[in-house]
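Asks: Show me the folded form of this:
(3 chains)
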Amino acid sequence: MIAKIYKNPYIRFILFGVLAAMVPTLADWGVIRFGTITTLTQVIYFGIAALGLNLLLGYSGSISLGTAGFMGLGAYIAAYVLSDLNMSFLLGILIAILVPTAIGILVGLVSLRISGLYLAIATLCVSEILLESFRQATDITGGMSGKRTSFPSIFGYTFDRASTFIFLVAVLVLVMILTYNLVNSHLGRAFNAMRGSEVAAQAMGVNLLKYRLIAFALATAYAGLAGALCAYYIRAVSPTQWSLNLSLLCLAAVVIGGFRSIYGTVLGAFVVWAVPDLFLKRLPIIGDNPAIPFIFNGVLIIVVIMFYPHGLVHITHDARKLLNKLKKRGKGDADA
Amino acid sequence: MKWVSLMSGELGTLIQLLLRSLETGSVYALAALGIIIVFRTSLITHFAQGSMGMFNTFLVTTLVVSFAVPLWAAMLCGAVSAVICGFLVDFFIIRRAKRVTPVGRQIITLGLIMIFLGLAPMVFGVDPLLLPRFITGGDFRIPGLGASISHNAVLNISIGLVLMGTLFYILQKTKLGLAVRVTASNEPTARLMGVPTRTVTLLAWAVAGVLGMLSGVMIAPATTVTVTLMNIVQVNALFACVLGGFQTFYGPVIAAYIIGIGNNLLVYYVSSVWGGQIMYLLILIFLIFRPNGLVGKKYVKKV
Amino acid sequence: MHNTVTLPEGCILSVENLSMHFGGLKAVDDLSFAVKEREIFGLIGPNGAGKTTVFNCITQFYRPKEGRILFNAGRKGESLRPMNLVGLPVHRIIRLGMVRTFQNVEVIKELSLIDNVLIGAHIKFKATVLEQALKLPRARREEKAISEKAVEALDFLGIADRKDLLAGGQPYGVLKKVELARTLMSEPRLIIMDEPAAGLNDSETDALAQSIRKIRDTFGCAVLLVEHDMRLVMDVCDRICAISFGKFLALGTAREIQTSKLVQEAYLGEEEE
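Replies: Below is the predicted model:
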């Protein structure tokens, strides 16, 4: 009975969320440092963006280098709606999802019509344009000095750091569940077909342009949401955050964690954003250098792609296989 | 007589813009040529071309600024370093990634960007540096039109043209060039026919590295040397490859000059803020009608 | 415009004056033939005769330069609309009631057999992205109903017991059956198969012949086989069209084709090489 409940994917997602939501309590008890909460929050919102990118990259096989740009757009919109327009943060999140998605669809419509290969180049270009706009449109973005906002509030309750964290965990779990539903529906199968065999997908009635566009639109929607969450947690948005480096890190999270794996992506986000902060920084000599995390992730991407293409999430599976093999061998020796 | 001087003024500005575009066009063309050589021999869209160039430009600049090495000697060191970078990347990564999917190989070059972007500030520090020009002063004036071009720009354009001329000569007329072209059109067959495809690929990465370094050194005096030095060059070089088509060597070079000229004209005559973006938009619209670029051929997939 | 065409009486597909060249090479040259409703029709020819090119022209993977591909469009239970397929996007073809298989088996290795079969039902799903994300009733309902049909299709071909296994580890013969099951999901009126016997041994080929007949008899659809293997074609086809170097050679029953001088010469010529 318990095993059956544990096998239910939705219960697992919620269990995962409950465990994650205990982090602030753990910090209160002194088990982990408060700084760790901020690090783990990064894992959450960048993880959401990476989940979107995984839909695009893992399933439809197109690369986007615009994740950071669209995240930035979402962050500025969310901050603008809350602080300048004094409207609900929920509305802010909604608009922060819709506007980048609409722009993403336009970009995708042009570049995907030509070839899947061009999406990476087109999005690289779009994120440069967005970045320049963040610097130039000073009335809305505050230019180089950035924009400040505040913790969101609802029904007279204003969030603090701990409750914002729990809110973010809830959103992450929701996003994971929605993603799970999507990839296990006919949309997910169409994505798989498209990646596995373009010709078969077309012959079965999958409109490649339409489904690539859906994948890209989903990726931008997730990025917009991630940007909004980031803005509300950090309470400040500045143009330097959204450079190509961030897009590359999101890509690293997908690759390192594992293509087409929901938990893998979250694990990948943990490796990319938490491991350097929590572990690498404590190493002697090289630990102080701010460039180390970036190089670490760059090397990790290449190593994983070349030698472990299923990603780190596959480690448990492989470990189990190895264990079984060892057991069998041990048994065989005993029999002999 | 007023309108005559006005006319000549306008014309002078136009010629001035065109001359300057040739310089930026050369920078883009060199970078694009590097990307296309790698693409044709390894079937990889080389996203790290810019960051590799940035890294080696940093080296050149540091040698000049901190160690007072003459620019030409520093560039020689930069070229050596670029060749070594290219060798290392091909030898340790690309060569061993034969079985990786095309998307995976593209991701590898993105990983390379991260490594170079991380290494540069670690090795050379985080302060922006200034790289001097080859020739500091002096202009060529075109009499009667008021247009002028600096000696340095002329040198840059000439270096670009001579270098590309040499490369095209090698590609079209020599045995080595034949090997490159054969590898480009069909790697497995070329290998079976005894073409040393590994050496060809190794050379391609080295040449791409040097071309990236050169474009970096050319663009650097116009701005400061930072990790973002090559972002715009990389974007424009990639667009040149897309616009020119990935199937020929000369297509991207022509496209790079077109982008250089188009960019400057749009920035001057249309909008100083949005000129570049309008250029990209025009390219995308053009590609809707000619998806394989200016000189690309249509490729029919067999099923 | 598409509606003004007429097909020969009782025919589901009519290829008319089809020509296709690659560069200077004429792969198909002024070819015409017609497939009747509920007929198993074979298109044969020696290597390089242009069979696969004809196939790809019919399914619109290639755009033929000249000629018409007339098809009596409409899935099971829909009213029929005769139309010219030339110029339609590839992904539209299956909605018109024509579905294809592939010479080298195009299945998705990372998916289970049943998921592979479900891809064939892509056009039957109506739920929007939002409905799927939230698993709203309509999405859940159609997923359940269509999954049941997919199990039936696998059962029909005798591989229902493997439905949850990954396609990646399955033998070639099973994957061929998965492709057949996949075509059935769209309720087609014409199934067109590209060298279905390629890579199969004799007993597997016999089983395939049986499956093809059973599909025609059970679902009442026409089958067009493009095939190199003479045994299969002679075994199952009601009528056969032989081509060589992209040109029409002969049309008739298996016996008529076997005794045709032209066909013998074309095939013998190949063996002499």
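Asks: if I pick B:Leu284, what's in contact with it?
Replies: Applying C-beta atoms under 8 Å, 6 or more residues apart in numbering or on different chains, we find B:Leu284 in contact with A:110-111, A:122. For glycine as for every other residue, the C-beta is placed from the backbone atoms N, C-alpha and C.
Asks: and it, how far is that from A:Glu132?
Replies: Distance from B:Leu284 to A:Glu132, counting by C-beta to C-beta, to the nearest Å: 17 Å.
Asks: Then A:Asp28?
Replies: A:Asp28 sits 43 Å away from A:Glu132, going by C-beta to C-beta.
Asks: Have a look at those two and say which one is more surrounded.
Replies: A:Glu132 (15 against 11; other C-beta atoms under 10 Å in any protein chain shown).
Asks: The more buried one falls within a helix, correct?
Replies: Yes - per DSSP: H, G, I helix; E, B strand; the rest coil, A:Glu132 lies within a helix segment.
Asks: residues near B:Val69, how many?
Replies: Other residues near B:Val69 come to 16 when the count uses other C-beta under 10 Å.
Asks: oh sorry, the question was meant for C:Thr128
Replies: When neighbours are counted by other C-beta under 10 Å, C:Thr128 comes out with 13.
Asks: Torsion angles phi and psi at it?
Replies: Here is the backbone geometry of C:Thr128 (degrees, to the nearest 10): phi -80, psi 170.
Asks: where do the helices sit along chain C?
Replies: C:51-58, C:90-93, C:113-119, C:129-134, C:137-156, C:172-184, C:202-219, C:230-236, C:254-259, C:261-272 (DSSP state H).
Asks: Deepest in the core, which of those is it.
Replies: Per-stretch averages of neighbours, counted by mean count of other C-beta atoms under 10 Å in any protein chain shown, single out helix C:113-119 among the helices of chain C, with a mean of 26.
Asks: what packs against it?
Replies: Packing contacts for helix C:113-119, counted by 3 or more C-beta pairs under 8 Å, 6 or more residues apart in numbering or on different chains; DSSP states H and E, involve helix A:186-196, helix C:137-156, helix C:172-184.
Asks: Pull the distance from the longest one to the chain's centre.
Replies: Per C-alpha atoms, centre = their mean, to the nearest Å, the displacement of helix C:137-156 from the mean C-alpha position of its chain is 23 Å.
Asks: what sits up against that helix?
Replies: With C-beta under 8 Å, 6+ apart as the criterion, helix C:137-156 contacts A:185-186, C:113-114, C:117-118, C:121, C:124-127, C:131-132, C:160, C:162-163, C:178, C:181-182, C:184-185, C:214, C:218.
Asks: Report the backbone C-alpha coordinates of the helix or strand encompassing B:Ala208 in CSV.
Replies: Secondary structure from DSSP states H and E places B:Ala208 in helix B:197-219. Only the C-alpha atoms of helix B:197-219 are listed here, as CSV (Å, rounded to 0.1, in the frame of the first residue of the first chain):
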residue,chain,number,x,y,z
THR,B,197,41.0,14.0,-42.3
ARG,B,198,42.3,14.2,-38.7
THR,B,199,45.1,16.5,-39.7
VAL,B,200,42.8,18.6,-41.8
THR,B,201,40.4,19.0,-38.9
LEU,B,202,43.2,19.9,-36.6
LEU,B,203,44.4,22.5,-39.0
ALA,B,204,40.9,23.9,-39.4
TRP,B,205,40.6,24.5,-35.7
ALA,B,206,44.0,26.1,-35.6
VAL,B,207,43.3,28.4,-38.5
ALA,B,208,39.9,29.3,-37.0
GLY,B,209,41.7,30.2,-33.8
VAL,B,210,44.1,32.5,-35.5
LEU,B,211,41.4,34.1,-37.6
GLY,B,212,39.4,34.7,-34.3
MET,B,213,42.5,36.3,-32.7
LEU,B,214,43.1,38.5,-35.7
SER,B,215,39.5,39.8,-35.7
GLY,B,216,39.8,40.4,-32.0
VAL,B,217,43.0,42.4,-32.3
MET,B,218,41.4,44.5,-35.2
ILE,B,219,38.3,45.4,-33.3
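Asks: all strands of the stretch 51-200 of chain A, in order?
Replies: A:147-148, A:153-154, A:157-158 (DSSP state E, counting those that start in this stretch).
Asks: among the ones you listed, which is the most enclosed?
Replies: strand A:147-148 (a mean of 18).
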